[in-house]
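Peer 1: heads up, no residue letters with this:
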């Protein structure tokens, strides 16, 4: 069962169960997926689907921070609940320890030793973590590993 099939089935279940938050969140996610399909003029692959959902999670995370800074805890809570729904459709995020291990492997394989080689290391690490770690976190850890 593809991720989009799961979203459709879960939407039907949420509609039957009267779960308004889940219904609206899944509908928004499906709309984002449909927009990407229209933009690319083809159906999305499973990896592309995950990337769109990860972007939706990131969007919510940024909104939560903005709402909290603005003192709108009610809106931050709503975004947090939506983010929790979306996270159920993504692979389990890697811990910093796991990301550091992957970075160590890539650095050893590539022989990178200075911050100038960060681009090459980042490309290899991001290919391995494939949406299971945020780019900003990976960038920070790669910079640390390369002494930058």
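Peer 2: Arrived safely, thanks for sending. These numbers were taken from a predicted model, which means no experiment stands behind them. Numbering: from 1, shown residues only.
Peer 1: Going by C-alpha atoms from here, please, whenever you check contacts or count neighbours.
Peer 2: Fine.
Peer 1: Next, the contact list for the closest residue in space to residue 102 that isn't next to it in sequence, please.
Peer 2: With CA to CA, 6 or more residues apart in numbering as the criterion, residue 102 has its nearest non-adjacent residue at 6.8 Å, and that residue is residue 125. Residues counted as contacts of residue 125 (CA atoms under 8 Å, 6 or more residues apart in numbering) are 102, 103, 106, 138.
Peer 1: Now do residue 125 against residue 104, distance only.
Peer 2: For residue 125, the distance to residue 104 (CA to CA, to the nearest Å) stands at 10 Å.
Peer 1: now swap in residue 55 and tell me
Peer 2: When CA to CA is the yardstick, residue 55 and residue 104 sit 27 Å from each other.
Peer 1: just to confirm, which helix or strand has the residue positioned nearest the centre of the chain in it?
Peer 2: Note on the chain: the residue nearest the mean C-alpha position is residue 54, at 2.5 Å, using CA atoms, centre = their mean. Here residue 54 is covered by helix 46-69, with elements defined by DSSP states H and E.
Peer 1: Can you list the buried residues in that helix?
Peer 2: By neighbour count, and taking 16 or more other CA atoms under 10 Å as the criterion, the buried residues in helix 46-69 are 49-54, 56-57, 60-61, 63-64, 67.
Peer 1: That one - contacts with which helices or strands?
Peer 2: The contact analysis (3 or more CA pairs under 8 Å, 6 or more residues apart in numbering; DSSP states H and E) places helix 46-69 against helix 3-17, helix 20-40, helix 73-87.
Peer 1: For the first one, name the packing helices and strands.
Peer 2: Contact partners of helix 3-17 among helices and strands, from 3+ CA pairs under 8 Å, 6+ apart: helix 20-40, helix 46-69.
Peer 1: In the first one, which residues are buried?
Peer 2: Meaning helix 20-40. Taking 16+ other CA under 10 Å as the basis for neighbour counts, the residues of helix 20-40 that come out buried are 22, 23, 25, 26, 29, 30, 32, 33, 34, 36, 37.
Peer 1: okay but the second one is in contact with residue 11, surely?
Peer 2: Yes. Counting by CA atoms under 8 Å, residue 23 does reach residue 11; the two are 5.8 Å apart.
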